[in-house]
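Trainee: Structure for this input, please:
(one chain, ligands or ions: 1)
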Amino acid sequence: MRILVTAASKHGATGEIADRIAQRIGDAGHDVVRQAPEDVTSIDDFDAVVCGSAVYMTQWMSSAQDFVARFESELTDRPFWAFSVGMAGVPKHAPQDPSRIGPVLLRVRAEDHRAFPGRYKPELLNLRERSIGRLAGAVEGDFRDWDAVNAWADGIVSSLSA
Ligand SMILES: Cc1cc2nc3c(=O)[nH]c(=O)nc-3n(C[C@H](O)[C@H](O)[C@H](O)COP(=O)(O)O)c2cc1C
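Mentor: Below is the predicted model:
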C-alpha cells in the first residue's frame, strides 16, 4: 500500500519520530512517502495517512492543523493515524495535556491518536522559547521513547494488513 507520513516539527524531535515511523512501515513492505504537511498538495494517491505534530502552547503546529483542515473530507475516506509530541509522560515535568489539540482531531476520525514524549533542549531554542519552557517547569532532556514509537508503527502495519 501507499502510505503518507507527514509531521510538523520546529526543532527536529517530531521529525525524527516521523522518520522512524516511516522507516518501520516501509520496512514492512509498504511504499511510504515522507513529506512536510505544507508540501502535500493531494492525498488522493495514498491508501492511508499518518500525521503528527509537535505540541506548542497546547496546540498542534499550524502546518499540521492546516493539513487536517485542507484534507478533512479525503481523510474520512481512508485510515488516518495521528500523533502528538510534547512533554506528556516526562518524569518530574509539570502535568500538561498534549492531547488538548481537540479542534483539529474533531474534524476527522482517527484510528488512533498517540502522545509521545519529546525533547526539551534549551540550546536548540530561541530566547522566548527558553523563557516559556522555564516558566512551564520544563525538564531538560531527550525523552523520546523509541520502543514505544516502534511498537506504535508496528501496530499501524498490523492494521494495514488486517
Ligand atoms: C515554547 C515551548 C512551548 C511548548 N509547549 C508545550 C505544550 O503546550 N505541551 C506539551 O506537551 N509540550 C510543549 N512543549 C514541548 C515540545 O512539544 C517538545 O519540546 C517537542 O519535543 C518539540 O518538538 P520539535 O523538536 O519537533 O519541535 C513546548 C516547548 C516549547 C519550547
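Trainee: Surely D31 and L4 touch.
Mentor: No. D31 lies out of contact with L4 (C-beta atoms under 8 Å); the separation is 10.1 Å. (C-beta placed from N, C-alpha, C; glycine too.)
Trainee: With neighbour numbers in mind, choose between these two.
Mentor: L4 (24 against 12; other C-beta atoms under 10 Å).
Trainee: Now do that one against V85, distance only.
Mentor: 18 Å (C-beta to C-beta, to the nearest Å).
Trainee: ok, now D66?
Mentor: Relative to V85, and taking C-beta to C-beta, D66 is found at 18 Å.
Trainee: Name the residue in these two with the higher neighbour count.
Mentor: Neighbour totals were compared for D66 and V85, and V85 leads with 29 against 16 (other C-beta under 10 Å).
Trainee: Next, the contact list for that one, please.
Mentor: 9, 13-14, 17, 52-55, 98, 115-118, 144 (C-beta atoms under 8 Å, 6 or more residues apart in numbering).
Trainee: Could you tell me which strands sit next to the strand or helix carrying it in the sheet, and their orientation?
Mentor: Using DSSP states H and E, V85 sits in strand 80-86. Strand partners for strand 80-86, identified by DSSP bridges, are recorded as strand 48-56 (parallel), strand 112-117 (parallel).
Trainee: average pLDDT across it?
Mentor: For strand 80-86, the mean pLDDT works out to 93.
Trainee: Equivalent analysis for stretch 154-162, please.
Mentor: Computed over stretch 154-162, the average pLDDT equals 96.
Trainee: Can you list the buried residues in it?
Mentor: Within stretch 154-162, the residues scored as buried using 16 or more other C-beta atoms under 10 Å are I156, V157, L160.
Trainee: now do stretch 61-69
Mentor: M61, S63, A64, Q65, D66, F67, V68.
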